[in-house]
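Colleague: any chance you could fold what I've pasted below:
(chains A, B, C and D)
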Number of protein chains: 2
Amino acid sequence: MKPTGKQLCLDDLRRRILAMQVPPGSDLDESELSARYEISRTPLREVLQRLSGEGYVTLSANRGAKVASMDLATMRTFFQTAPLIYSSVARMAAENRTKAQLDDLKFVQSAFSAAVGGRDPDAMALNNHRFHEIIGEMADNAYLMSSLKRLLIDHTRLGQVFYRPSAAAETVAIRQASQQHDAMIAALEAREVGVITELTLQHWDLSRDRMERFVRPDPLPLDVIDFVEKKNAV
Amino acid sequence: MKPTGKQLCLDDLRRRILAMQVPPGSDLDESELSARYEISRTPLREVLQRLSGEGYVTLSANRGAKVASMDLATMRTFFQTAPLIYSSVARMAAENRTKAQLDDLKFVQSAFSAAVGGRDPDAMALNNHRFHEIIGEMADNAYLMSSLKRLLIDHTRLGQVFYRPSAAAETVAIRQASQQHDAMIAALEAREVGVITELTLQHWDLSRDRMERFVRPDPLPLDVIDFVEKKNAV
DNA sequence: TGTGTACTTATTGTATACATTACGAGATGA
DNA sequence: TCATCTCGTAATGTATACAATAAGTACACA
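Modeller: As a prediction, the model looks like this:
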């Protein structure tokens, strides 16, 4: 069964937004997209409506679709909300997970691990996204799932920095994150509620630390600033 | 500016679903609805897509739209999740509320109070819904808002019992709820985080108590059962 | 009588033409 | 030179015709 162009469009747009291949706030042109995915505007618009419902894009009347923006206010809310939802979801996941979901999770984690080994930032980001989405599915809570998915969109987009190691410290952190994934799988398998909650918060702290470092980077040492100024003066 | 039929359709469907005028799980026929609201199927489908994103309806491929169901599993999750989200939202609302939002809230509460006086169950349910939605807007947290809105849909639908007083105890509870609303407004105005959290949980307890009583009603006294059996035997 | 199968019908999904709205370029005036 | 208005163009929003899919029904056959 050939995947219908509509489904392809939906998946691809999600992927491209998560990978920041289309930057936050950018306009999405209906004609252009319908041509690209070879579907007419009617189903394309349904895709955009759906992406809007999921928080990937925002629609405004007579103005079309924009990729959801990530301004400072949004990010502040993100950092405030994520630990609450993540830990709640993790607890419920340990209580409600099924065997099949656990197998899914292991499979995705192996893909994530492979991506780390192969230094493929997009594959890392997307598999990490899916990893945490599966934990959401395990929790089996439609109410929290909607919040979680929205958080994960922004988390994955912010995390792009994380998975594109500019410094050696990043690769160390990525391996540490991968190990935390393994530990989380074990805790979920054993239904250890206390352990999964603690691991989830540690995992969050690691991630937050990296992301905040990006938002507010370490100040350059004075001599470097000096160097840059001299260079610009030439 | 005449409200476009599409907006009317959206609002009316939401209202009717919340008021249980269309029961959970019932099918929504596209042709019928497009005729009723005098819009063509294209914009109607966009309305359904949107309602699906908000959790009012569920869509399945080639099977159309159904009003979101309320099975036992859903309700179990609801009771588990609501206090977490409600209290978190309330706290943030106290921190972030604006004057304009507070005025909105007072206005809606006066409408709610009037509905209580006028014994208008639909107006009570809808104004109560809006009351808590405004508190969500005050919190200014897009992530939690999506969860909150979904919770409120089911809360309002379950609450239909609450606002259609069969026993005298219900009217007493409704007046108590209304007084709690007033207290919550005061706490939000004063930005008393501790107070609003406490009030929110009390408000929840009151509501939950009534709803659970509906789900699992008090058992009939034995002599009544006896009477019913005799009657059926005739 | 039960079961499987082809056909009919009703409903959803898609394409396309048309209507409407927003945005910007250019003209006109102060 | 600047502001404002008008109009053209390009986008989004809507209606409708058509295609594809699913459910129901009648019929044949065991």
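
Colleague: the most centrally placed residue in chain A and DNA strand D, how far apart?
Modeller: By CA atoms, centre = their mean, chain A has its centre lying nearest to A:T156, at 2.0 Å. For A:T156, the distance to DNA strand D equals 25 Å [CB to the nearest atom of the strand, to the nearest Å]. Every C-beta, even on glycine, is put in place using the N, C-alpha and C of the backbone.

Colleague: and stretch A:18-35, end to end?
Modeller: Using CA to CA, to the nearest Å, the end-to-end distance of stretch A:18-35 comes to 22 Å.

Colleague: for it, give me every contacting residue.
Modeller: Stretch A:18-35 is contacted by residues A:9, A:13, A:15-16, A:40-41, A:44-45, A:48, A:57, A:64-70, A:122, A:125-126, A:129, A:153, A:156-157, A:160 when judged by CB atoms under 8 Å, 6 or more residues apart in numbering or on different chains.

Colleague: wait, what's in contact with A:L126?
Modeller: So A:L126 contacts A:R15, A:L18, A:A19, A:T156 (CB under 8 Å, 6+ apart).

Colleague: secondary structure class for A:A65?
Modeller: Per DSSP: H, G, I helix; E, B strand; the rest coil, the secondary structure class of A:A65 is strand.

Colleague: run a quick neighbour tally on the residue of chain A found nearest DNA strand C.
Modeller: Distances between chain A and DNA strand C by CB to the nearest atom of the strand are smallest at A:S40, namely 3.2 Å. A count of nearby residues for A:S40, using other CB atoms under 10 Å in any protein chain shown, gives 12.

Colleague: any idea how far it is from DNA strand D?
Modeller: Distance from A:S40 to DNA strand D, by CB to the nearest atom of the strand: 9 Å.

Colleague: the residue nearest to that residue when sequence neighbours are not counted: which element?
Modeller: Spatially, and ignoring its direct neighbours in sequence, A:S40 is nearest to A:S34 (5.9 Å; CB to CB, 6 or more residues apart in numbering or on different chains). Secondary structure assignment for A:S34, by DSSP states H and E: helix A:30-36.

Colleague: about what we covered before: quick check: pLDDT value at the residue nearest to A:S40.
Modeller: A:S34 is assigned 95 on the pLDDT scale.

Colleague: find the nearest non-adjacent residue to the residue of chain A found nearest chain B, please.
Modeller: Minimum separation of chain A from chain B (CB to the nearest CB) falls at A:G53, amounting to 2.0 Å. Leaving out its chain neighbours, the residue that sits closest to A:G53 by CB to CB, 6+ apart is B:G53, at 2.0 Å.

Colleague: show me what counts as buried in stretch A:54-73.
Modeller: A:E54, A:G55, A:Y56, A:V57, A:L59, A:A65, A:K66, A:V67, A:A68, A:M70 (16 or more other CB atoms under 10 Å in any protein chain shown).

Colleague: who are the contact partners of the fifth one?
Modeller: Which is A:L59. Neighbours of A:L59 in contact, by CB under 8 Å, 6+ apart: A:L48, A:Q49, A:S52, A:A65.

Colleague: poorly predicted segments of chain A, please.
Modeller: Low-confidence segments of chain A (pLDDT under 70): A:1-3, A:165-167, A:215-234.

Colleague: can you give me the strands for it?
Modeller: A:27-28, A:57-60, A:64-67 (DSSP state E).

Colleague: count residues in the vicinity of the residue nearest to A:R175 when sequence neighbours are not counted, would you?
Modeller: Spatial nearest neighbour of A:R175, excluding adjacent residues (CB to CB, 6+ apart): A:V116 at 6.7 Å. Residues within reach of A:V116, counting by other CB under 10 Å, total 20.

Colleague: how close does A:V116 get to A:L18?
Modeller: Taking CB to CB, to the nearest Å as the measure, A:V116 and A:L18 are separated by 18 Å.

Colleague: do A:H129 as well
Modeller: 6 Å.

Colleague: please enumerate the shared neighbours of those two.
Modeller: Joint contacts of A:H129 and A:L18 (CB under 8 Å, 6+ apart) are A:T156.
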